[in-house]
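>>> Quick one: sequence plus predicted model below, questions after.
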Amino acid sequence: MPSSDPTETLLTIIIVSWNVRELLKRALVSIFASWGAHPGLEVIVVDNASTDESVAMLHAEFPDVTTIANTENLGFTKGNNQGLAAAHGAFILLLNPDTEVQGFALHALVGYAKQNLTTGMVGPQLLNPDQTVQPSRRRFPTLPVLFLESTWLQKFAPRSILRHYYMEDRSDAERQAVDWITGAAMLTRREVVNQVGGLDEGFFMYSEELDWCKRIRNAGWEITYLPTARITHHEGKSSEQVVPARHIHFQSSKVRYVRKYHGAFMAEVLRLWLLGQYLWQLGLEAAKALLGNQRPLRAQRIAAYRSVLRSGLRLR
């Protein structure tokens, strides 16, 4: 049960949700099952103007959950910062709505953080719906990674570069220190938030967890991957609803990260490089469409790439 006294709250879980009502419901059910009858749990859901009756479902089926209902989609970072401002827990878990907590994962995460006082963040092992491991550990990206990863040229990148970035030289069954963890499930402590602040709201979504982890590491805290805590992640169920926006947010966030840590000149080089990749891809899709190859698919991709080019991947 959620704690009735905020001063006794051990763990606050913050979920930012947008139009994934049924997945959100499954996530909440798994949270309460994992936590059990132990006291000290607070759950906050920040709804980013969903149109699928998510808020009504929360009020009707989860009255103990604190619901913050936004009237517009403020994005992942602002939504989580709203939750952070309202949180009372000594430990805080940012959790995606398309997740399901397995077993006693919540107690494993909190227990590890309580016993390791230099650890500023703990990430669980993420699993795909078929229970295979979903890679969630990373080293900080080098400039070659930032220019090649998640572009059509990634398949031509030297394998050693990506192997190092994705930590493929370390077993995913082994507890280990990492540079950063992906943002589907990130447990931190209140002292860390007080010291480094919340998420950088200049990132609407994507790269915000990379930036947060970098600030946490730079402040002297350790970040740990804990495979004994397992959470299933149904990846990308919110962002896949708006494909052009996903491309724009992902790539413009990458540009913002480079500007923040590698300077304005390198960020502009990256921005122009990425736009060039989308222009090339648009040309290829147009040529395939003219040849009659899967024209509906080509039209969809052309529209997405045009949206990216029109945006210019310019930072807000």
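Right, received. Where do you want to start? Numbering: from 1, shown residues only.
>>> Give me the mean pLDDT for the longest helix along the chain.
In the chain, ranked by residue count with DSSP state H as the criterion, the top helix is helix 264-290. Averaging pLDDT along helix 264-290 yields 93.
>>> Could you list the buried residues of that helix?
Residues of helix 264-290 classed as buried: 266-267, 269-271, 274-275, 277-278, 281-282, 285, 288-289 (neighbour count, 16 or more other Cβ atoms under 10 Å). Every C-beta, even on glycine, is put in place using the N, C-alpha and C of the backbone.
>>> per-residue confidence at N293?
The score at N293 is 86. That number is its pLDDT.
>>> In terms of helix, strand or coil, where does it fall?
Local secondary structure at N293 is given as coil here, using DSSP: H, G, I helix; E, B strand; the rest coil.
>>> Show me the chain divided up by domain.
Residue ranges for the domains of the chain, per automatic domain parsing: 6-135+172-237, 242-311.
>>> Name the spans of the chain whose pLDDT lies under the cut-off.
Judged against pLDDT under 70, the low-scoring parts of the chain cover residues 1-7, 236-242, 316.
>>> returning to that earlier point: can you put the buried residues of helix 264-290 in JSON lines and add distance to L93?
Below are the buried residues of helix 264-290 laid out as JSON lines (distance: Cβ to Cβ, whole Å):
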{"residue": "M266", "distance to L93": "34"}
{"residue": "A267", "distance to L93": "32"}
{"residue": "V269", "distance to L93": "37"}
{"residue": "L270", "distance to L93": "32"}
{"residue": "R271", "distance to L93": "34"}
{"residue": "L274", "distance to L93": "33"}
{"residue": "L275", "distance to L93": "37"}
{"residue": "Q277", "distance to L93": "36"}
{"residue": "Y278", "distance to L93": "36"}
{"residue": "Q281", "distance to L93": "37"}
{"residue": "L282", "distance to L93": "40"}
{"residue": "E285", "distance to L93": "40"}
{"residue": "K288", "distance to L93": "44"}
{"residue": "A289", "distance to L93": "45"}
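>>> where do the helices sit along the stretch 101-250 of the chain?
The residue ranges that make up the helices of the stretch 101-250 of the chain, judged by DSSP state H, counting those that start in this stretch, are 105-115, 143-148, 159-165, 190-196, 208-218, 243-262.
>>> how near is the nearest residue to D200 once chain neighbours are set aside to W280?
Of all residues not flanking D200 in the chain, D211 sits nearest, at 5.2 Å (Cβ to Cβ, 6 or more residues apart in numbering). Between D211 and W280 the distance is 28 Å, computed by Cβ to Cβ, to the nearest Å.
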